[in-house]
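A.B. asks: from the sequence below, what's the structure:
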Amino acid sequence: MSLLGEHPLSGWVPNEQSFDNDIGSNTETLERLIDINRAQLDFTLDSLNAISAYIHSLESNANIGLELFLPLTLYFGEVIRQSVKGSWQLKMNQDIGVYEPWVKYESPSIPGATTALPPHFALNKELERQRSCNLKLAAEEIVQQLIQSSSPKPSRRLGFTNQYEDGSILVLKPGFFLQTDDLITPEVYAVAEQWLIETINYFSKFGFFEEYEDTSISSLQTRIGEIKKSFEDRFISGQSLDEFYLEFVDVDSIEMPPVTEPVKKTRFLARYLLRLDTNRVWSNYEIPKVLGEEIVPLKALQGWSRVSRGLLHIEDQDNTSLEKRRWIKIRIGTSQHVLPINNLNELDYSILDAINVFLKAERLPYQFYLYSDSLPEEEIIIMFSEAEKKQLRKDKMFSV
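C.D. replies: The predicted model follows:
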């Protein structure tokens, strides 16, 4: 979640002609705002340690507005740019009308191959951590990502893949390059939409996407733009969106046409779609990285209750009393149970195991299932019955 709301750079209108020359004056602004000696701001990776120390000293990160976030972004990005001998690139986020400064890197080994990353995204994540903020480490990771992107990596199917800012390059064989624009055609987009529609209809039989339960495919097609946008936003947060669309290209064929049976892709991709249904799927992204007065186990239980299909209820949600007694009273079905809480500040999935034991003792057919290795840096929890598990396995639609 952004410290500044929907986008941390909202309201910034850069001068595109003088942007590169504004970095020097930006450093003067940063020096004044955070009271750090100019000599320390020498654009080295080590110089970021001084800024991290300043962030650690703040009582709260809630007061970091655009006035400070912008010079922090530009300095953080300039350190990265100089480290890779790259360049700045201003991009307009068309969805929300906000300018974003990206650091662009040109591969010395593959002429014309470039990749770019937005430094403000990593910076914002570090600011949210505040006390454990480490800007040098974050910058080093971005530098590594930019440099490594110029080295072909094995793909799941054939050859190698590379992603670049100006259109991903798919390397199918050494020395044989194809732009993904040549592979991800309008026909491929149509097949991907067909998969979305068929998958939503299939999972609605298991209580997912209830708002679409009685919706025909023709009606769904009128809403698929909204669904597709939400899906793409969540998918691209973990990896390249091209990787999703390439799943619908038959790369085993010489012509590489769109796949003929997209629904078979569900087993691999279903989790990306299902997590859009927050009434049935809980994500650890719901736990804020910067905690206020919230107690982590209670926050998690509130989310698990939401996706419990009406079976799990929290009887006492008072933070103050919970801090003293270190247990939470819950109700499953008609029976009350007590859950001991050992750590108020960390997510403890052993609590989920205890709830599953209670569900089984009540002879309820449902269990919570944790998926911790199927999505990039994200853990999700879904409740299924044994019958649903068997059906999903039979249909090969989802790995339960």
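A.B. asks: state the pLDDT value of residue 290.
C.D. replies: Note on residue 290: pLDDT of 57.
A.B. asks: my guess is residue 266 contacts residue 392, does it?
C.D. replies: No. Assessed by CB atoms under 8 Å, residue 266 is found out of contact with residue 392, at 9.7 Å. Every residue, glycine included, has its C-beta placed from N, CA and C.
A.B. asks: report the set of residues contacting both of the two.
C.D. replies: residue 398 (CB atoms under 8 Å, 6 or more residues apart in numbering).
A.B. asks: burial check on residue 210, number of neighbours?
C.D. replies: Other residues near residue 210 come to 11 when the count uses other CB atoms under 10 Å.
A.B. asks: for it, give me phi and psi.
C.D. replies: The phi/psi pair for residue 210 (degrees, to the nearest 10) reads phi -60, psi -30.
A.B. asks: low-confidence ranges, the stretch 201-350 of the chain, go.
C.D. replies: Applying pLDDT under 70 to the stretch 201-350 of the chain picks out residues 213-214, 234-240, 251-254, 289-294, 317-323.
A.B. asks: next one: the stretch 51-200 of the chain
C.D. replies: Low-confidence segments of the stretch 51-200 of the chain (pLDDT under 70): 61-63, 94-95, 109-113, 149-182.
A.B. asks: strands of that one, residue ranges please.
C.D. replies: Ranges of strands within the stretch 51-200 of the chain are 87-93, 98-106, 114-117, 153-154, 160-162, 169-173, 176-179, based on DSSP state E, counting those that start in this stretch.
A.B. asks: got the angle for the longest one vs strand 87-93?
C.D. replies: Interaxial angle, strand 98-106 versus strand 87-93 (axes from the mean of the first three to the mean of the last three CA atoms, to 10 degrees): 140 degrees.
A.B. asks: output strand 98-106 as PDB, nothing but the C-alphas.
C.D. replies: The C-alpha atoms that make up strand 98-106 are tabulated as PDB, following Å, rounded to 0.1, in the frame of the first residue of the first chain:
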ATOM      1  CA  VAL A  98       0.800  10.000 -13.300                       C
ATOM      2  CA  TYR A  99       4.400  10.500 -14.600                       C
ATOM      3  CA  GLU A 100       7.000   8.000 -13.400                       C
ATOM      4  CA  PRO A 101      10.800   8.200 -13.700                       C
ATOM      5  CA  TRP A 102      12.300   4.900 -14.800                       C
ATOM      6  CA  VAL A 103      16.000   3.900 -15.000                       C
ATOM      7  CA  LYS A 104      16.800   2.500 -18.400                       C
ATOM      8  CA  TYR A 105      19.700   0.100 -19.000                       C
ATOM      9  CA  GLU A 106      21.100  -0.800 -22.500                       C
END
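A.B. asks: that one: partners in the sheet, and parallel or antiparallel?
C.D. replies: Its sheet considered, strand 98-106 pairs with strand 87-93 (antiparallel), strand 114-117 (antiparallel) by DSSP bridges.
A.B. asks: pick the most buried one from these.
C.D. replies: strand 114-117 (a mean of 21; mean count of other CB atoms under 10 Å).
A.B. asks: off-centre distance for it?
C.D. replies: Here strand 114-117 shows a centroid-to-chain-centroid distance of 19 Å under the convention CA atoms, centre = their mean, to the nearest Å.
A.B. asks: could I get that strand in CSV with only the CA atoms?
C.D. replies: Output of strand 114-117 as CSV, limited to C-alpha atoms (Å, rounded to 0.1, in the frame of the first residue of the first chain):
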residue,chain,number,x,y,z
THR,A,114,17.1,-2.5,-23.2
THR,A,115,15.3,-2.9,-19.9
ALA,A,116,13.9,-0.4,-17.5
LEU,A,117,12.7,-0.4,-13.9
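A.B. asks: show me where the stretch 251-400 of the chain has helices.
C.D. replies: Assigned by DSSP state H, counting those that start in this stretch, the stretch 251-400 of the chain shows helices spanning 266-274, 296-306, 319-325, 350-361, 386-395.
A.B. asks: tilt between the first one and helix 386-395?
C.D. replies: If I follow you right, that is helix 266-274. 130 degrees.
A.B. asks: so how far is helix 266-274 off the chain centroid?
C.D. replies: Worked out by CA atoms, centre = their mean, helix 266-274 lies 15 Å from the chain centre.
A.B. asks: got the buried residues for it?
C.D. replies: Neighbour-count burial for helix 266-274, with 16 or more other CB atoms under 10 Å as criterion, is recorded at 266, 269, 270, 271, 272, 273, 274.
A.B. asks: then stretch 276-295?
C.D. replies: 276, 277, 280, 281, 282, 283, 284, 285, 287, 295.
A.B. asks: now do stretch 242-262
C.D. replies: Within stretch 242-262, the residues that qualify as buried are 242-249, 251, 256, 258-259, 262, counting by 16+ other CB under 10 Å.
A.B. asks: got a markdown table for these, with distance to residue 135 too?
C.D. replies: What follows is the buried residues of stretch 242-262, written out as a markdown table (distance: CB to CB, whole Å):
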| residue | distance to residue 135 |
| --- | --- |
| 242 | 29 |
| 243 | 29 |
| 244 | 31 |
| 245 | 34 |
| 246 | 34 |
| 247 | 35 |
| 248 | 39 |
| 249 | 39 |
| 251 | 40 |
| 256 | 42 |
| 258 | 44 |
| 259 | 43 |
| 262 | 43 |
